[in-house]
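1. Got a sequence here, can you build the structure:
(2 chains)
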2 protein chains.
Amino acid sequence: MNEFELIARLTRALPVNPSVVVGAGDDCAVLDGGRPGHYLLLKTDAVVQGVHFTAAATPEQIGHKALARCLSDIAAMAGQPLAALVTVALPTDFKPDEVERIYAGINGLAQRYGVAIVGGETTSNPERLLLSVAVLGEVARDKCILRSGAKEGDALFVSGELGGSRAGKHLEFEPRLAEAQWLAANFSIHAMIDLSDGLAGDLPHILQRSGVGAELLAQAIPISRAAKLQARSESSAKPPLLAALGDGEDFELLFAAPSRQAVPLLDGWKKQFPRVRLSCIGRITKGHGVKLRDKTGLHSLKTHGYVHFA
Amino acid sequence: MNEFELIARLTRALPVNPSVVVGAGDDCAVLDGGRPGHYLLLKTDAVVQGVHFTAAATPEQIGHKALARCLSDIAAMAGQPLAALVTVALPTDFKPDEVERIYAGINGLAQRYGVAIVGGETTSNPERLLLSVAVLGEVARDKCILRSGAKEGDALFVSGELGGSRAGKHLEFEPRLAEAQWLAANFSIHAMIDLSDGLAGDLPHILQRSGVGAELLAQAIPISRAAKLQARSESSAKPPLLAALGDGEDFELLFAAPSRQAVPLLDGWKKQFPRVRLSCIGRITKGHGVKLRDKTGLHSLKTHGYVHFA
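-> Residues are numbered from 1 along each chain as shown, chains lettered A, B, ... in the order given. Here you go, the predicted model:
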């Protein structure tokens, strides 16, 4: 049983109450906190030494990544993060100055996006460092973007470039908060998700929640320089396209919008975010599953993305 | 450097924003989420195998404890928990049915108190099980009880009985949500905290935030049966009074209220919660620090409570 299967089994019968708008199964939980016209967003995520980062990562990078992952999920709902809490579980040989450097990474990112850090717990996890972050955000009700609204005929877009994130990007990425808020303010975005498990792993989440399928154009998928370099320098490396589809930890936005908005959206984005690539990579179709069109024809995409538990 | 010193150092310069009413340093963070007359409460907490529970704990108990600790912090603000997120970090040899039993413990407790479980992440922590829980709650602005309002002359109360929690109570305690909400609705509670690090460890948090001291009456401190039994059966066990002062993990409410309310408060509590003891254990004084009065006179209390990091 992998991570997805286990979560699916666990989330079948979770307790709910009237405050829940969207429970488990989207990038964030969506809650009605009683503020007219607004929803609350709630997200928690953990990073673990040896799983999400190695000993080569600096404490600042580890702190940055732990918070940035949660902010990326807030971005996927087009929300604004308000406040975060941090639990640091320290190995036996921890040094206080390393903890302070972790917080420097957290605090720097938080300050750039106006996020308050409202508490910190430390505990012990003798063998390895683990950080767990919880973030509270908010979003206007009519701007909140779920995974579940994709419609047949929608164009599919992805920000940035995909693949090879573990060469460095996964420790230093900036969450696409401004981009997502701009999208929600200016276009009818039907569905959105942040890419943590790879395009091939995360696109199916949109498709399943929306009851649709998708067709991707192989040549339109933006492949990162890191993925290309890896393919060239390591004989065992996977082809760049497979890296872009399956590597994971991209933390880019994947979203579906009506195809008639494709041109103004691409044009507007280029003016607003000239340094961030935006690619139209395919379209939403009837049916289910992901198909990939390349020079040789149309293929069923079986790549499973990155499964943390594998 | 112990846990308290490290947290104190880290929380000196955390980023804030206008939504923050109370940041790090109380039982929960208090946020203004824009709902008129209400505040949001945010809390996260982790339990770690070998630190907060042993291999003897059942999966249901572990799940219960992880959520109950956070709910106890919501109770300490007289709040109502709305929703919780759970991160389960699983050791290499995890079994899916154990994870389901952990969730059974979480879900049972959540249902009793109307808490929605709105998401669950699983990740890997190869050597030991770790659960991190984040809880969002709410409280009416005029009913929110902080640590900081204790005043000279206030009477000090504690719910339940103290000490010996590790004999079993720490895995099965019920958070004092109903009791705290009843207190806030019917009395002027000046300051409150939940006891996780022992009376001697947690009372100083109220005193420091309120700028006052306290005098405890040794004979008024309610000592649990477990603490008394331990003292009798183990020659190396500490005296019961010291166990009640320092054992930790009691998860009872400690609060300060005007002394003129002491009699109606004790009477009302007995009617409302006949099965939960309430004890007036001393009073708030000028100055700082905790003094303990016993048959031999007045002593400075040096016991440091339970420091997770020791």
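
2. Quick check: next helix or strand after the helix or strand encompassing A:Val30?
-> Applying DSSP states H and E as the criterion places A:Val30 in strand A:29-31. Next in sequence after strand A:29-31, counting helices and strands by DSSP H and E, comes strand A:38-48.

3. still on that earlier bit, partner strands of the strand holding A:Val30, parallel or antiparallel?
-> strand A:20-22 (antiparallel), strand A:38-48 (antiparallel) (DSSP bridges).

4. can you pull the contacts of the closest residue to chain B within the stretch 151-300 of chain A?
-> Closest to chain B within the stretch 151-300 of chain A is A:Ser196: 10.6 Å, counting by C-beta to the nearest C-beta. Placement of C-beta: from N, CA and C, glycine included. Counting by C-beta atoms under 8 Å, 6 or more residues apart in numbering or on different chains, A:Ser196 makes contact with A:Arg69, A:Ser72, A:Asp202, A:Gly248, A:Glu249, A:Asp250, A:Phe251.

5. could I get the residues you listed as TSV with secondary structure, pLDDT and distance to A:Arg283?
-> Supplementary listing: the contacts of A:Ser196 in TSV, determined by DSSP: H, G, I helix; E, B strand; the rest coil; pLDDT from 0 to 100; distance: C-beta to C-beta, whole Å:
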residue	secondary structure	pLDDT	distance to A:Arg283
A:Arg69	helix	98	29
A:Ser72	helix	98	24
A:Asp202	helix	96	17
A:Gly248	coil	94	23
A:Glu249	coil	96	26
A:Asp250	coil	98	20
A:Phe251	coil	98	23
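
6. surely A:Ile74 meets A:Ala29?
-> No: here A:Ile74 does not reach A:Ala29: they are 11.1 Å apart, not a contact under C-beta atoms under 8 Å.

7. Which parts of the stretch 151-300 of chain A are helices?
-> Along the stretch 151-300 of chain A, counting by DSSP state H, counting those that start in this stretch, helices occupy A:177-186, A:199-210, A:225-233, A:240-246, A:262-272.

8. Could you export those as JSON lines, including mean neighbour count and distance to B:Val86?
-> Listed next are the helices of the stretch 151-300 of chain A as JSON lines, based on neighbours: other C-beta atoms under 10 Å in any protein chain shown; distance: least, C-beta to C-beta, whole Å:
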{"stretch": "helix A:177-186", "mean neighbour count": "19", "distance to B:Val86": "25"}
{"stretch": "helix A:199-210", "mean neighbour count": "22", "distance to B:Val86": "19"}
{"stretch": "helix A:225-233", "mean neighbour count": "16", "distance to B:Val86": "33"}
{"stretch": "helix A:240-246", "mean neighbour count": "23", "distance to B:Val86": "28"}
{"stretch": "helix A:262-272", "mean neighbour count": "14", "distance to B:Val86": "36"}
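
9. got JSON lines for the ones you listed, with distance to A:Leu42 too?
-> Below are the helices of the stretch 151-300 of chain A laid out as JSON lines (distance: least, C-beta to C-beta, whole Å):
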{"stretch": "helix A:177-186", "distance to A:Leu42": "16"}
{"stretch": "helix A:199-210", "distance to A:Leu42": "18"}
{"stretch": "helix A:225-233", "distance to A:Leu42": "32"}
{"stretch": "helix A:240-246", "distance to A:Leu42": "29"}
{"stretch": "helix A:262-272", "distance to A:Leu42": "28"}
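
10. how about these, which one is nearest B:Glu100?
-> helix A:199-210 (22.0 Å; C-beta to C-beta).

11. What helices and strands are in contact with the closest one?
-> Contact partners of helix A:199-210 among helices and strands, from 3 or more C-beta pairs under 8 Å, 6 or more residues apart in numbering or on different chains; DSSP states H and E: strand A:191-194, strand A:213-217, helix A:240-246, strand A:253-257, strand A:278-285, strand A:289-294.

12. what do you get if the cut-off is 6 Å, keeping everything else the same?
-> strand A:191-194, strand A:213-217, helix A:240-246 (3 or more C-beta pairs under 6 Å, 6 or more residues apart in numbering or on different chains; DSSP states H and E).

13. Can you tell me what sits against the longest one?
-> Think helix A:240-246. Identification of contacts with helix A:240-246 by C-beta atoms under 6 Å, 6 or more residues apart in numbering or on different chains yields A:162-164, A:198-200, A:221, A:223, A:227-228, A:231, A:303, A:305.

14. Pick out the lowest-pLDDT one from those.
-> Lowest pLDDT of the contacts of helix A:240-246: A:Gly305, 46.

15. OK, contacts around the most centrally placed residue in chain A?
-> By C-alpha atoms, centre = their mean, the mean C-alpha position of chain A lies nearest to A:Asp194, the distance being 2.7 Å. Applying C-beta under 6 Å, 6+ apart to A:Asp194 gives the contacts A:Asp27, A:Ser72, A:Asp73, A:Ala76, A:Phe251.

16. Tell me the bridge partners for it.
-> A:Leu253.

17. Show me which residues of the stretch 51-200 of chain A sit near chain B.
-> Residues of the stretch 51-200 of chain A found near chain B (C-beta under 6 Å from any C-beta of the partner chain) are A:51, A:82-83, A:85, A:87, A:96, A:103, A:107, A:110-111, A:114, A:116-120, A:122-125, A:127, A:132, A:134, A:136.

18. re the thing from before, now the strands paired with strand A:29-31 as CSV including mean neighbour count, mean pLDDT and distance to A:Ile284?
-> Shown next, in CSV, are the strands paired with strand A:29-31 (neighbours: other C-beta atoms under 10 Å in any protein chain shown; pLDDT from 0 to 100; distance: least, C-beta to C-beta, whole Å):
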stretch, mean neighbour count, mean pLDDT, distance to A:Ile284
strand A:20-22, 19, 96, 20
strand A:38-48, 26, 97, 24
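
19. Now the nearest residue to A:Val115 once chain neighbours are set aside: which helix or strand?
-> Closest residue in space to A:Val115, ignoring its immediate chain neighbours: A:Pro81 at 4.7 Å, by C-beta to C-beta, 6 or more residues apart in numbering or on different chains. Taking DSSP H and E as the definition, one finds A:Pro81 inside strand A:80-90.

20. Next SSE downstream of that strand?
-> Downstream of strand A:80-90 (by DSSP H and E), the next one is helix A:96-112.

21. just checking, next helix/strand downstream of that following helix?
-> Assigned by DSSP H and E, the successor of helix A:96-112 is strand A:116-124.

22. Can you list the helices and strands that that following strand packs against?
-> Contact analysis of strand A:116-124 by 3+ C-beta pairs under 6 Å, 6+ apart lists strand A:80-90, helix B:3-10 as its packing neighbours.

23. Quick one: mean pLDDT over the last one.
-> Average pLDDT, helix B:3-10: 75.

24. what angle separates that helix from strand A:80-90?
-> Interaxial angle of helix B:3-10 relative to strand A:80-90 (axes from the mean of the first three to the mean of the last three C-alpha atoms, to 10 degrees): 140 degrees.

25. how many degrees apart are helix B:3-10 and helix A:96-112 in direction?
-> Using the same axes, to 10 degrees, the direction of helix B:3-10 lies 40 degrees away from that of helix A:96-112.

26. and if you look at the longest one?
-> Note on geometry: by the same axes, to 10 degrees, strand A:80-90 and helix A:96-112 are set 170 degrees apart in direction.
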